[in-house]
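Undergrad: I would like to see how this sequence folds:
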Amino acid sequence: MSNWSCREGHEGRLCALCKDTSPNGNFYAMGASGCVECEENGKTIATIIVVLCAIVALLIYYVAVWSPLIGSRTVERAFKRAYTVAQSAVDSVMIRIFKKIDEFGGDSSKKGSNVTGYFKIIIGFCQVTASFLSNLEVDWPNALAQMMAVFAIVNLDFFTLPKTECVFSSITHQTKLILCTMVPSAVLVLLAIPAAIARVTNWGVFEWEEIGSGKPKGGDEITSDALAEALKQQLRFNSHEWNRFNLKKTLARDSYIKVGNKYFKRSDKTRPVIVAFFFSVLSFLFVIYPFVSQVVVGVFNCIQLDPYDQFEGHGSWLKSDLREPCPLKPGNSFTFSWGVIFLVVYPVGIPVLFVMTLYYFKVPQLATNKGKMHRLKAVLRQMGAFDSHQFEEWNGEQEPVEFLKASQCKLLLKYRFEGHEAFQLENASEAIEDAFLSKFESPQDGSSLVVDEEELPLDELRRKTAMKVDLLCSENIVVVPPIAWNGETGEDEKDAIEYCGFLFVSYKAQYWSFEIFEMLRKLALSALLIFVGDANIRVAVGFLISFFSLLVVFSTRPFVSPSLSVLLAVALVSQTLTFSCMSPLFSCL
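TA: This next block holds a predicted model:
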């Protein structure tokens, strides 16, 4: 608004509505940064863009979930080859950029990296940045506003993309709400179809494949002359054929059998399809979460223009679309009820679903077990008593100290850990000994649990050893290297990585839940920030959220790859500076 008149193309309440026609005979449509003039033939171009995006989405859908079921490898191999090339290129660039940054854990070229992690950070940055246009009342420079509008594509927000807003000019917020809540549900159904078909067609089917003359390292070996003889003729058996072998109908996934001088193992054709389904669903929900949450939460954000309802029968209007009365007012029960239902489904439900998935695949338990093992290994390495073959039989279920002999426990309990660069206090060994004695004092009589190790049984020695290992590592007297997810704990960890590794595999084991923190940060900045009424306070709250997140990243360094932590920190610094520049204390814009 300038000179008490609306900008070109704007009219109505707060100049937030678009005119029907322009002086050139065209029409106006609401874009990301205001009303834009649209030509009739512009709709054709925009429609072509939307159709092309749909075709690309269908192709990705095919590669993601259908190709493992159909068995077609041509397109799948092409995409895998492209992914490998992209991974190598990204790794090379990131290594060159971050190889000299020691503050984040050393030389990143030695740590490896994760392309999924890079793209998740970049997508998250674009999602939050795209929300600045609608959440912050700032007159952005045109070039910057256009760039932010393009970022909306990572949210799958086709309503405000440049050139596509003309197609959706007549879409109200209520219609957008219905589309944004129902279309994802339809997409999830489509994603589930191949998995359902694979499950039904392979129900009760036992399939085997030849793996060569080498005996598998793990798994259950089956002894059955009848099955061995049958495998010479066929590799696939239905339930009726399987019953004649008198074997269990539910065999372990890693079961194998020796036939002559070759080995055969169970082949699960359903598994790749189910894995593809999990990855597709998790990544799809990850992408749509901020935008859909913003649309749903926007239902409850109204602005009061006529407190006495003197004009047009409505004093309160939906802030995101001033064409619609506030759904919180009587008479708009449908929009309000729909918003409440899908508030539970999307903004609340998706993080809860992710947490439930992580717990279902035992990720917290696996992280705890991996932490115990790596702490023990770090202590033994510092003592010079580590034997790599000692823990080969560990499958993640036993306590790591159960693999220690009595002599090793006694040596560890008596060993004086001094001179470590991460613990600079003088008399380090005395300090840890005093802390250890006070920490593990008997609650019954106050007497110390630390007695002559020669008199203790092996179980007690191991228990005290585990206590001392935890204390040494918690005090940073012994530094534990970053713990990566590599399947070392056995089948449970491999299953978790394969099915839901998208959520946690880029992070250190102890920060397995960091993705949930990131989702809540994006929810706060993209959807909840609009409820802060005053524009300046809204900017201050956004600054505090970004700055707090930056401090968390600096203090935890949650990624296994140092370059990922640096990249996330750079993204947060950029957003924090953006908020600070919009503060009245500065004049960046």
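Undergrad: What is the neighbour count of the nearest residue to residue 173 once chain neighbours are set aside?
TA: In space, residue 173 comes closest to residue 321 once its chain neighbours are excluded; the distance is 3.7 Å by CB to CB, 6 or more residues apart in numbering. In short, each C-beta sits where N, CA and C put it, glycine included. For residue 321, the count of nearby residues is 18 (other CB atoms under 10 Å).
Undergrad: And what about residue 321, helix, strand or coil?
TA: Using DSSP: H, G, I helix; E, B strand; the rest coil, the structure places residue 321 in coil.
Undergrad: for residue 539, same thing?
TA: helix.
Undergrad: got the contact list for residue 391?
TA: Going by CB atoms under 8 Å, 6 or more residues apart in numbering, residue 391 touches 373, 377, 400, 403.
Undergrad: Next one: the second one from residue 400, what distance?
TA: According to CB to CB, to the nearest Å, residue 377 and residue 400 sit 8 Å apart.
Undergrad: Show me which of the two is the more surrounded one.
TA: Taking neighbours as other CB under 10 Å, residue 377 and residue 400 compare with residue 400 leading, 24 against 18.
Undergrad: isn't that one right up against residue 394?
TA: Yes. Residue 400 is within contact range of residue 394, at 6.7 Å (criterion: CB atoms under 8 Å).
Undergrad: re earlier: how close does the residue nearest to residue 173 sit to residue 176?
TA: Distance, residue 321 to residue 176, using CB to CB: 8 Å.
Undergrad: Residue ranges of each domain in the chain, please.
TA: With domains defined by automatic domain parsing, the chain comprises 203-268, 364-474.
Undergrad: so how many other residues sit close to the residue nearest to residue 14 when sequence neighbours are not counted?
TA: Once flanking residues are discounted, residue 14 sits nearest to residue 322: 6.5 Å by CB to CB, 6+ apart. Look at residue 322: counted by other CB under 10 Å, it has 17 neighbours.
Undergrad: Residue 244 now?
TA: Around residue 244 there are 11 other residues, counting by other CB under 10 Å.
Undergrad: Quick check: phi and psi at it.
TA: Note on residue 244: its backbone torsions stand at phi -70, psi -10 [degrees, to the nearest 10].
Undergrad: Surely it and residue 227 touch.
TA: No. Residue 244 is beyond contact range of residue 227, at 9.5 Å (criterion: CB under 8 Å).
Undergrad: got the contacts of residue 391 as CSV, with secondary structure, distance to residue 153 and pLDDT columns?
TA: Output for those, formatted as CSV (DSSP: H, G, I helix; E, B strand; the rest coil; distance: CB to CB, whole Å; pLDDT from 0 to 100):
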residue, secondary structure, distance to residue 153, pLDDT
373, helix, 43, 90
377, helix, 45, 88
400, helix, 47, 86
403, helix, 52, 85
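Undergrad: quick one: residue 283 from residue 347, how far?
TA: If you go by CB to CB, the gap between residue 283 and residue 347 works out to 18 Å.
Undergrad: These two: which has the busier surroundings?
TA: Taking neighbours as other CB under 10 Å, residue 283 and residue 347 compare with residue 347 leading, 21 against 17.
Undergrad: now the helices for the stretch 451-589 of the chain?
TA: 458-474, 491-504, 514-523, 535-556, 562-582 (DSSP state H, counting those that start in this stretch).
Undergrad: The stretch 251-400 of the chain now?
TA: In the stretch 251-400 of the chain, the segments counted as helices under DSSP H, counting those that start in this stretch are 270-297, 333-343, 349-360, 363-383.
Undergrad: Nearest to residue 136, out of the ones you listed?
TA: Smallest distance to residue 136 across the helices of the stretch 251-400 of the chain (CB to CB): 13.0 Å, for helix 270-297.
Undergrad: now the angle between helix 333-343 and the closest one, please.
TA: Counting by axes from the mean of the first three to the mean of the last three CA atoms, to 10 degrees, helix 270-297 lies at 140 degrees to helix 333-343.
Undergrad: Just give the number of residues close to the closest residue to residue 406 other than its chain neighbours.
TA: In space, residue 406 comes closest to residue 458 once its chain neighbours are excluded; the distance is 5.2 Å by CB to CB, 6+ apart. Residue 458 sits with 13 neighbouring residues when counted by other CB under 10 Å.
Undergrad: again, but for residue 542
TA: 26.
Undergrad: three-state assignment of the residue lying closest to residue 236 once chain neighbours are set aside?
TA: Nearest residue to residue 236, sequence neighbours excluded (CB to CB, 6+ apart): residue 207, at 4.8 Å. Recorded secondary structure, residue 207: strand (three-state DSSP).
Undergrad: which ones are touching residue 207?
TA: Going by CB under 8 Å, 6+ apart, the list of residues near residue 207 reads 235-237, 266-269.
Undergrad: what about the stretch 251-400 of the chain, any weak spots by pLDDT?
TA: 251-254, 306-314, 330-332 (pLDDT under 70).
Undergrad: Kindly recompute the last result at 90.
TA: For the stretch 251-400 of the chain, the stretches with pLDDT under 90 are 251-277, 279-280, 298-337, 339, 369, 372, 374-400.
Undergrad: Could you let me know which of the contacts of residue 207 ends up closest to residue 360?
TA: Nearest to residue 360 among the contacts of residue 207 is residue 268, at 18.9 Å by CB to CB.
Undergrad: So which residues of the stretch 1-150 of the chain form strands?
TA: Assigned by DSSP state E, counting those that start in this stretch, the strands in the stretch 1-150 of the chain fall at 10-11, 17-18, 27-31, 34-38.
Undergrad: Can I get the ones you listed in a markdown table including mean neighbour count and mean pLDDT?
TA: Converted to a markdown table, the strands of the stretch 1-150 of the chain look like this (neighbours: other CB atoms under 10 Å; pLDDT from 0 to 100):
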| stretch | mean neighbour count | mean pLDDT |
| --- | --- | --- |
| strand 10-11 | 16 | 75 |
| strand 17-18 | 20 | 78 |
| strand 27-31 | 23 | 72 |
| strand 34-38 | 20 | 74 |
